[in-house]
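got a sequence here, can you model it:
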Amino acid sequence: MPQNFIACDRDQELLLPPSLREWLPEDHLAWFVLEAVAELDLDAFYGAYRRDGWGAAAHDPQMMVGLFVFAYSIGVRSARGGSSGVAARTSRFG
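Modelled structure (predicted):
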């Protein structure tokens with residue numbers, strides 16, 4: 001049985017906007033960060049989770065590292081500010 005992570009599907013169709021790919025321009029910093037994080041060796045993070053799938057679902061470590069790196073790169077240094085800071089920098093309306 002695989003590890004138990006909450007799915008992170010950036011190509012999932014949403015009500016508004018129709019796709020996350022349409023939300024941000026192709027040259028947005030977020031896409032660069034995601035590509036860079038995809039190249040990292042995150043085995044140590046994955047190794048901390050049970051491989052049998054038991055326990056509560058966790059967020060995928062690759063998604064969390066990407067969020068942390070993006071937040072840090074835009075100057076957000078606290079967990080409390082991370083949510084609002086990242087939302088403001090990736091919002092079409094912010």
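
where does the chain have its least confident helix or strand?
Here the helix or strand of the chain ranked lowest by mean pLDDT, DSSP states H and E is helix 79-90, holding a mean of 62.

residue ranges for the helices of this protein, please.
Assigned by DSSP state H, the chain shows helices spanning 20-23, 29-38, 43-47, 61-73, 79-90.

quick check: buried residues in the shortest one?
In terms of neighbour count (16 or more other CB atoms under 10 Å), helix 20-23 has its buried residues at W23. All C-beta spots, glycine's among them, are computed from the backbone N, C-alpha and C.

for the most centrally placed residue in the chain, give me its contacts.
Centroid-nearest residue in the chain, with CA atoms, centre = their mean: M63, separated by 3.2 Å. Contact partners of M63, counting by CB atoms under 8 Å, 6 or more residues apart in numbering, are C8.

quick check: pLDDT value at it.
M63 carries a pLDDT score of 91 in this model.

deepest-packed of the helices of the chain, please.
Comparing the helices of the chain by mean neighbour count (mean count of other CB atoms under 10 Å), helix 61-73 ranks first with a mean of 18.

pull that helix out as CSV, backbone CA atoms only.
This file holds the C-alpha atoms of helix 61-73, laid out as CSV (Å, rounded to 0.1, in the frame of the first residue of the first chain):
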residue,chain,number,x,y,z
PRO,A,61,6.4,16.9,1.1
GLN,A,62,7.2,18.1,-2.5
MET,A,63,4.3,20.5,-2.3
MET,A,64,5.2,21.7,1.2
VAL,A,65,8.8,22.3,0.2
GLY,A,66,7.7,24.2,-2.9
LEU,A,67,5.4,26.4,-0.8
PHE,A,68,8.1,27.1,1.7
VAL,A,69,10.7,28.0,-0.9
PHE,A,70,8.2,30.2,-2.8
ALA,A,71,7.1,32.0,0.4
TYR,A,72,10.7,32.5,1.4
SER,A,73,11.7,33.8,-2.0
